[in-house]
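Asks: Here's a sequence, model it:
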Amino acid sequence: MGLLHQPRSTIDAQAVERITKLHGDLGRTAGLLKLWLTTPEAQPHSREIVNDLIAALRVLQVEIIAAIRR
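Replies: Have a look, this model is predicted:
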């Protein structure tokens, strides 16, 4: 470093960016689900819709875990 050598980063910036984006998507989606379920006039008409959304949230969680492991 004394000879102006730039050390290589051990962190993959693209992976960190992808994980951050997935985490943000997960948080926003879960927040909207919570708002939707706690607002009486916005309650879903079908349990299937809620179950599908929860399944989508689980898929996002799996993607985050896979990205972290890579």
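Asks: hey, let's count contacts and neighbours off CA atoms from now on
Replies: Fine.
Asks: for the longest helix seen in the chain, packing partners?
Replies: Using DSSP state H, we find that the single longest helix of the chain is helix 13-38. Helix 13-38 makes packing contacts with helix 47-69 when contacts are defined by 3 or more C-alpha pairs under 8 Å, 6 or more residues apart in numbering; DSSP states H and E.
Asks: got the buried residues for the helix it packs on?
Replies: 50, 57, 60, 63-64 (16 or more other C-alpha atoms under 10 Å).
Asks: Kindly reformat those residues as a markdown table and extend each row with pLDDT.
Replies: As requested, the buried residues of helix 47-69 are exported to a markdown table (pLDDT from 0 to 100):
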| residue | pLDDT |
| --- | --- |
| 50 | 80 |
| 57 | 85 |
| 60 | 83 |
| 63 | 83 |
| 64 | 83 |
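Asks: Now compare these and name the two farthest from each other.
Replies: Within the buried residues of helix 47-69, 50 and 64 form the most distant pair, 21.3 Å apart (C-alpha to C-alpha).
Asks: Residue 63 and residue 12, how far apart?
Replies: When C-alpha to C-alpha, to the nearest Å is applied, the distance between residue 63 and residue 12 equals 17 Å.
Asks: What is the nearest of the buried residues of helix 47-69 to residue 25?
Replies: residue 60 (8.2 Å).
Asks: dump the residue contacts of that closest one.
Replies: Listed by C-alpha atoms under 8 Å, 6 or more residues apart in numbering, the contact partners of residue 60 are 22, 26.
Asks: cool, residue 15 as well?
Replies: By C-alpha under 8 Å, 6+ apart, the contact set of residue 15 is 67-68.
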